[in-house]
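J.: take this sequence and fold it.
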Amino acid sequence: MDVLTQIKNQYDTLSKTQKRIADYIQQHTNTCCFASLKEIAAATGTTEATVIKFSRMIGYTSFQDMRNQLKEGKPDWTSPITTEAFSDLPFEELFRRNKTQQEENFATIWEAGNEKAVKDAVELLQNAKKIYCVACDFSSALSRYFHARFTRLGLNIEDVGSKSTPEILHSLAFADEKDLIVVFSFAEYSKMTLAVEEYLSVNGIKILCFSDRVSSPASLMADVSIICSTRHFILLNSMTSVIILIDLLAVAFFNENKVIFIHHKRKLDKMQRYLFEKGVMPLDRMDPL
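T.: Numbering: from 1, shown residues only. Presented below is the predicted three-dimensional model:
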């Protein structure tokens, strides 16, 4: 039986500290496959002895035994940091393979049925009273980029991706059926992001999702899913294709909603001139696009 199944079966019997280790392993399966005992103890705020005890608690003879089973049981839907990441590749080979990987990811943008998804996403953005960006960990960089791009087009957006959990809950408590949630979810699929998406979806709020598979947990709950291949032979996820699709969506939205942008630009110009006259801002500091 694999490690994740063992954790699931034993979870209710674990102490609070052991559950912290269990949660970390479930959320960082790929990197835990290669992490040392010391690294996992540090990441979970526990001790090496506690991690060893946890390994035995869920049915393994040692930490090494648990880690070996974790390597063998990696699910197919992840994009793992493999042992290859720790090998020495010649620069020419690294350059060539990275180029090939990015080209393959770029090609999937046009093969994943994204044309209709982008059109549907434009409609969701048009109809939303307010837009909330939801992401965790590395995907938070994408939610910040989305926020910056679409705020400049005149949309009312709040990025909760970089906030603490209490701040996220306070912000999302204001969301209602007239709003839109934009979710960024990629392997290893943050449990926090998925739980928030599920709650908001059940409560009738529209979901636009950026994810790496049509069958990903986040995609299955979304009203519209834009699929971005993030595969890489070393990195857990490569986000190049996601950025390309955010830009594509921005261009598509701008093309159909120039009036929104013009109205926003006029308000910006008026505010900027006022601040210029107060002597606190030059006139050349704002560039909406």
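J.: doesn't residue 107 make contact with residue 244?
T.: No - assessed by CB atoms under 8 Å, residue 244 is found out of contact with residue 107, at 11.4 Å. Where you see a C-beta, it was placed from the backbone N, CA and C, and this is true even at glycine.
J.: nearest spatial neighbour of residue 70, skipping sequence neighbours?
T.: Spatial nearest neighbour of residue 70, chain neighbours left out: residue 3 (4.6 Å); criterion: CB to CB, 6 or more residues apart in numbering.
J.: who's in contact with the one you found?
T.: 25, 58, 60, 66, 69, 70, 73 (CB atoms under 8 Å, 6 or more residues apart in numbering).
J.: what is the least confident helix or strand in this protein?
T.: helix 29-32 (a mean of 73; mean pLDDT, DSSP states H and E).
J.: gap between that helix and the chain center?
T.: 17 Å (CA atoms, centre = their mean, to the nearest Å).
J.: what's the first helix or strand after that helix?
T.: helix 37-44 (DSSP states H and E).
J.: by contact count, what packs against that following helix?
T.: Identification of packing neighbours for helix 37-44 by 3 or more CB pairs under 8 Å, 6 or more residues apart in numbering; DSSP states H and E yields helix 16-27, helix 48-57.
J.: now those helices as CSV including distance to residue 128 and mean pLDDT?
T.: Listed next are those as CSV, based on distance: least, CB to CB, whole Å; pLDDT from 0 to 100:
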stretch, distance to residue 128, mean pLDDT
helix 16-27, 30, 88
helix 48-57, 44, 95
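J.: adding distance to residue 94 and mean neighbour count, write those helices out as TSV.
T.: Formatted as TSV, those follow (distance: least, CB to CB, whole Å; neighbours: other CB atoms under 10 Å):
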stretch	distance to residue 94	mean neighbour count
helix 16-27	28	18
helix 48-57	33	18
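J.: and those as TSV, adding distance to residue 143?
T.: Below are the helices and strands packed on helix 37-44 laid out as TSV (distance: least, CB to CB, whole Å):
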stretch	distance to residue 143
helix 16-27	18
helix 48-57	32
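J.: out of those, nearest to residue 114?
T.: helix 16-27 (27.8 Å; CB to CB).
J.: go through stretch 252-264 and flag the buried ones.
T.: By neighbour count on 16 or more other CB atoms under 10 Å, the buried set for stretch 252-264 is 252, 253, 254, 257, 260, 261, 264.
J.: of those residues, which belong to helices?
T.: With DSSP state H as the criterion, helices contain 252, 253, 254, 260, 261, 264 from among these.
J.: surely the last one meets residue 154?
T.: Yes - the criterion here is CB under 8 Å, and residue 264 meets it with residue 154 at 3.1 Å.
J.: what about the strands in the stretch 51-200 of the chain?
T.: Listed in chain order, the strands of the stretch 51-200 of the chain (DSSP state E, counting those that start in this stretch) span 131-134, 157-159, 180-185.
J.: among those, which comes closest to residue 32?
T.: Taking these one by one with CB to CB, strand 180-185 is closest: 19.7 Å.
J.: what does the closest one contact?
T.: 124-125, 127-128, 130-135, 139-140, 142-143, 146, 161, 172, 175, 193-194, 197, 200, 205-211, 216-219, 222, 242.
J.: any chance of a ChimeraX selection covering the buried ones in those?
T.: A single ChimeraX command selects the buried members of those (16+ other CB under 10 Å):
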select :124,125,128,131,132,133,134,135,139,140,142,143,146,161,172,175,193,194,197,200,205,206,207,208,209,210,211,216,217,218,219,222,242
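J.: rewinding a little: now tabulate the contacts of residue 3 in CSV and tack on distance to residue 184.
T.: Output for the contacts of residue 3, formatted as CSV (distance: CB to CB, whole Å):
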residue, distance to residue 184
25, 23
58, 31
60, 34
66, 31
69, 31
70, 26
73, 26
